[in-house]
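Enquirer: Provided below are the primary sequence and the corresponding predicted coordinates.
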Amino acid sequence: MATEAVEKALERPSLKPRPALTLVGSTRVLSLDNYDCFIGVSVNVAALKQFISVQAMAHTPTLIISERGLRPEQIARALHNASENAAQPFFAVNAHSLDGDALHNLLFGARGMIETCGRGTIYVNELTRLPALLQQRFAAHIEEQRWRANSGRHQGPRLIFATEWNPSDVKAENRIAYGLVEMLRPSGFTIKPLRERSEDIPYLARRLAERIAKRLGKGQHEITPGALKMLSDYSWEGNIDELEAALESAIGATQPQLIDESLLPSRIRYAALKAIPSSGVDLPRMVDDFERGLIDTALRQTNNNQTKAAALLGLRVQTLNMKLKRFKEKDEEDEGVTE
């Protein structure tokens with residue numbers, strides 16, 4: 001059931017709130033309109049804005065704990081852009097794409113990012129999955145930064161890390177990572193998944209729909225209250241990424257019009273199904289929708305690396321390619337029928 005906050009959001013046709021952030025102790029204003037993780041009215045979103053406002057004034061290492069699909073890099077970029085060092089470089093390091101030696105050279109090698117970034121920001125995803133030696137190197141570097149700060153010396157770049165693991169999960173598997181996470185927790189933030197703040201989903205869905213329609217060259221699409229409620233009630237395993245994919249599928253397949261329940265993927269329409277309706281269901285389509293959603297999420301998560309996506313899905317690369325080809329052919333057939 002939708003909460004009272006969700007029901008209030010469903011009654012509001014506008015895309016508000018369109019947030020701007022005024023930094024504590026500063027006259028500087030940062031627009032958050034293009035940062036999806038700040039769209040919404042939940043307590044968690046309000047706390048995130050406050051966290052950015054306060055943390056931007058510091059230059060300390062920061063930890064963002066979030067599930068996949070919540071776009072922690074956007075939080076890192078907002079933190080950088082809100083700081084007094086916004087004109088300095090921002091480097092984002094994808095730990096998935098490099099092995100341990102390459103990561104070490106990229107970050108700590110001669111003319112590496114640590115040396116050349118100045119007072120800028122280095123964002124590293126998947127902190128708890130980094131090689132143990134690299135985690136140790138980061139821990140030593142953070143301690144050195146703190147010593148430099150206490151002695152009034154140049155600290156180097158701000159480090160921002162992201163992890164999907166909660167500290168309690170890390171402790172049993174990797175004590176080095178656990179210690180590093182605990183070191184960073186005082187200046188960290190946990191962004192809650194969409195299923196725990198469903199009151200944000202109507203605002204986020206409207207904002208994403210507006211952006212998707214513009215990107216695809218489509219006219220404005222309005223989402224009906226019924227569809228918004230269905231989106232709000234759904235448990236988004238892929239969070240913002242999955243929500244955007246579902247809306248893009250609906251908008252890409254239609255002319256400018258209302259997006260109602262019938263245009264949403266069947267996995268969403270029937271997520272809370274207690275009984276099969278008298279009109280029946282299209283089981284093959286439901287299975288296809290669910291499978292396609294998982295594949296889209298895996299490809300986004302691996303930056304369209306089919307080998308890594310196949311590994312996440314427990315498939316051979318050839319099998320994944322066959323499925324992608326089948327989906328493409330089906331889409332072309334559907335377009336032909338529409339025309």
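Expert: Received, thanks.
Enquirer: List the buried residues of stretch 307-327.
Expert: Neighbour counts using 16 or more other CB atoms under 10 Å place 308-310, 312-313, 315, 320, 323 of stretch 307-327 among the buried residues. Where you see a C-beta, it was placed from the backbone N, CA and C, and this is true even at glycine.
Enquirer: for the lengthiest helix in the chain, packing partners?
Expert: Under DSSP state H, the helix in the chain containing the largest number of residues is helix 317-338. In this structure, helix 317-338 makes packing contacts with helix 283-301, helix 306-313, judged by 3 or more CB pairs under 8 Å, 6 or more residues apart in numbering; DSSP states H and E.
Enquirer: Redo these as JSON lines? Include mean pLDDT.
Expert: Output for the helices and strands packed on helix 317-338, formatted as JSON lines (pLDDT from 0 to 100):
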{"stretch": "helix 283-301", "mean pLDDT": "78"}
{"stretch": "helix 306-313", "mean pLDDT": "87"}
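Enquirer: mind exporting stretch 40-47 as PDB, just the C-alpha atoms?
Expert: Provided in PDB are the C-alpha atoms of stretch 40-47 (Å, rounded to 0.1, in the frame of the first residue of the first chain):
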ATOM      1  CA  GLY A  40      12.300  13.700  -3.700                       C
ATOM      2  CA  VAL A  41      10.800  14.700  -0.400                       C
ATOM      3  CA  SER A  42      11.900  11.900   2.000                       C
ATOM      4  CA  VAL A  43      13.800  12.400   5.200                       C
ATOM      5  CA  ASN A  44      16.800  10.500   3.600                       C
ATOM      6  CA  VAL A  45      16.900  13.000   0.700                       C
ATOM      7  CA  ALA A  46      16.700  16.000   3.000                       C
ATOM      8  CA  ALA A  47      19.500  14.500   5.100                       C
END
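Enquirer: Look up how far residue 247 lies from residue 320.
Expert: 24 Å (CB to CB, to the nearest Å).
Enquirer: can you give me the strands for the stretch 101-250 of the chain?
Expert: Per DSSP state E, counting those that start in this stretch, the stretch 101-250 of the chain carries strands over the ranges 121-124, 158-163, 188-190, 222-223.
Enquirer: Show the contacting residues for residue 129.
Expert: Residues near residue 129 by CB atoms under 8 Å, 6 or more residues apart in numbering: 95, 163.
Enquirer: what do you get if the cut-off is 7 Å, keeping everything else the same?
Expert: Residue 129 sits next to residue 95 when contact means CB atoms under 7 Å, 6 or more residues apart in numbering.
Enquirer: Against residue 135, how distant is it?
Expert: As defined by CB to CB, residue 129 lies at a distance of 10 Å from residue 135.
Enquirer: tilt between the longest helix of the chain and helix 283-301?
Expert: Using axes from the mean of the first three to the mean of the last three CA atoms, to 10 degrees, the inter-axis angle of helix 317-338 relative to helix 283-301 is 120 degrees.
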